[in-house]
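1. predicted structure and sequence below. I'll ask about it afterward.
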Amino acid sequence: AQRVTQPEKLLSVFKGAPVELKCNYSYSGSPELFWYVQYSRQRLQLLLRHISRESIKGFTADLNKGETSFHLKKPFAQEEDSAMYYCALCPPNKLIFGTGTLLAVQP
Amino acid sequence: DGGITQSPKYLFRKEGQNVTLSCEQNLNHDAMYWYRQDPGQGLRLIYYSQIVNDFQKGDIAEGYSVSREKKESFPLTVTSAQKNPTAFYLCASIGDGREAFFGQGTRLTVV
């Protein structure tokens, strides 16, 4: 079965604290994984993809095939990081999302 | 200005009525998708289309129908058979780069 699991519905941290948003996937092939973000009153948009191995807005995500995980991390959270984050799996011809994690960064 | 346009932004439907949500893109993308977004349930796939005149059911297709007569357009009809249609609906398209581009969504309310 092709599935994406985000176990936390809400993650609340203080400004400056490290952040880790968890994502696990189920897929038999070679996965293509993404993180999407939805800020308040904005469209859902791409944050980063595993294949580019880049850091966007201080966020990174490493694909761990052994643990079938693609956790999103940031060493020091900022208030403007508060948003809804979705992990997504992209097998051929489909795009499957997790249930999302709401990140709330407190001042 | 390239992108995806969904209309209307808000839609009210009486019970027993069919309504059609519009999704148009000028990104020249082949693949288009419809999702339903409910609190705590993330984005659930309703229908998707990889090419003109072809589409497939997603995970929650019951009570919905689509057409893909033009590359730019992928309208979604919410039929009276959909038991709980009140939700936020998102349309997306994907090009060769595999990045999904989303519309601003349509909030449908049954009154």
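-> Arrived safely, thanks for sending. Numbering: from 1, shown residues only, chains lettered A, B, ... in the order given.
2. B:Tyr47 touches B:Gly58, doesn't it?
-> Yes. Proximity of B:Tyr47 to B:Gly58 meets the contact threshold set by Cβ atoms under 8 Å, at 5.5 Å. Heads up, the C-betas are built off the backbone N, CA and C, glycines and all.
3. got any residues that touch both of the two?
-> B:Tyr33, B:Trp34 (Cβ atoms under 8 Å, 6 or more residues apart in numbering or on different chains).
4. what about the closest residue to chain B within chain A, which SS state?
-> Nearest residue of chain A to chain B: A:Thr99, at 3.6 Å (Cβ to the nearest Cβ). Counting by DSSP: H, G, I helix; E, B strand; the rest coil, the backbone at A:Thr99 sits in coil.
5. for the one 3 residues further on, same thing?
-> Using three-state DSSP, the secondary structure recorded for A:Leu102 is strand.
6. show the contacting residues for it.
-> Applying Cβ under 8 Å, 6+ apart, the residues near A:Leu102 are A:Lys9, A:Leu10, A:Leu11, A:Ala83, A:Met84, A:Tyr85.
7. that older thread, so the residue of chain A closest to chain B makes contact with B:Arg44?
-> No. Using Cβ under 8 Å, A:Thr99 is not in contact with B:Arg44, being 9.3 Å away.
8. around chain A, pick out the residues from chain B.
-> For chain B, the residues in contact with chain A (Cβ under 8 Å from any Cβ of the partner chain) are B:31, B:33, B:35, B:40-45, B:48, B:50, B:56, B:90, B:92, B:94, B:98-100, B:102-105.
9. strands - which of these land there?
-> B:31, B:33, B:35, B:42-45, B:48, B:50, B:56, B:90, B:92, B:94, B:100, B:102 (DSSP state E).
10. out of those residues, which are buried?
-> Applying 16 or more other Cβ atoms under 10 Å in any protein chain shown to these, the neighbour count classes B:31, B:33, B:35, B:42-45, B:48, B:50, B:90, B:92, B:94, B:100, B:102 as buried.
11. would you mind giving those as a markdown table with pLDDT added?
-> Shown next, in a markdown table, are those (pLDDT from 0 to 100):
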| residue | pLDDT |
| --- | --- |
| B:Ala31 | 94 |
| B:Tyr33 | 96 |
| B:Tyr35 | 96 |
| B:Gly42 | 86 |
| B:Leu43 | 91 |
| B:Arg44 | 93 |
| B:Leu45 | 93 |
| B:Tyr48 | 96 |
| B:Gln50 | 93 |
| B:Leu90 | 96 |
| B:Ala92 | 96 |
| B:Ile94 | 92 |
| B:Ala100 | 91 |
| B:Phe102 | 95 |
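12. pick the one among these closest to A:Ser52.
-> B:Ala100 (14.9 Å; Cβ to Cβ).
13. thanks a lot, see you next time.
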